[in-house]
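K.L.:
What shape does this take:
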Amino acid sequence: MGKFCQLPIIVDAVKLDDISKLSKEMLDTFEPDKGNTVCEICGKKLKDHGLYHTETEFQTVCPNSWLVTDATGNKLIVNDKTFNTTYVSLDKLSESQLQLFMRTMQQMISTTLSSRSK
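P.N.:
Sure, this is the predicted structure:
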């Protein structure tokens, strides 16, 4: 099994805690679920959720989920916990954090290249 690193990509994201933050295009595909049953993902009632239609499936939109648009234009729903462990706002990174990130990436590349040459 090899080691893998997620490419440092920039995504657009909107937190779905307020439907008014969605673009007009997304409003047409976001439908509140009126059910009183409990969500299997977050444990809250489905009446506080929505459904997001992709080309191939419906995704449950839990409260405080994120709608992420990746570098290729694909849209996906990401729950809040996963989003916060995967992404960080570029506006919130300090100069020193950006430098640390760049050094870490350089070290990873250097280690990979040196292991290839052995």
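K.L.:
Let's verify Ser96: helix, strand, or coil?
P.N.:
What DSSP: H, G, I helix; E, B strand; the rest coil gives for Ser96 is helix.
K.L.:
And the helices in this structure?
P.N.:
Under the criterion DSSP state H, the chain carries helices at the ranges 24-27, 80-86, 95-116.
K.L.:
among those helices, which gets the worst mean confidence?
P.N.:
In terms of mean pLDDT, the lowest-scoring of the helices of the chain is helix 24-27 (a mean of 52).
K.L.:
mind putting the helices of the chain in TSV, mean neighbour count included?
P.N.:
Quick note: C-beta positions are derived from backbone N, CA and C, even for glycine. Output for those, formatted as TSV (neighbours: other Cβ atoms under 10 Å):
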stretch	mean neighbour count
helix 24-27	10
helix 80-86	13
helix 95-116	10
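K.L.:
Next, format those as TSV and append distance to Ala13.
P.N.:
Converted to TSV, these look like this (distance: least, Cβ to Cβ, whole Å):
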stretch	distance to Ala13
helix 24-27	12
helix 80-86	7
helix 95-116	18
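K.L.:
For Glu40, find the nearest of the ones you listed.
P.N.:
Nearest to Glu40, of all the helices of the chain, is helix 80-86, at 15.2 Å by Cβ to Cβ.
K.L.:
So the nearest residue to Pro8 once chain neighbours are set aside versus Leu98, what's the distance?
P.N.:
Spatial nearest neighbour of Pro8, excluding adjacent residues (Cβ to Cβ, 6 or more residues apart in numbering): Met105 at 6.8 Å. Separation of Met105 from Leu98 (Cβ to Cβ, to the nearest Å): 11 Å.
K.L.:
now the closest residue to Val38 other than its chain neighbours: how far from Val11?
P.N.:
The spatial neighbour of Val38 that comes closest, neighbours along the chain excluded (Cβ to Cβ, 6+ apart), is Lys45 at 6.1 Å. In this view, Lys45 and Val11 are 29 Å apart by Cβ to Cβ.
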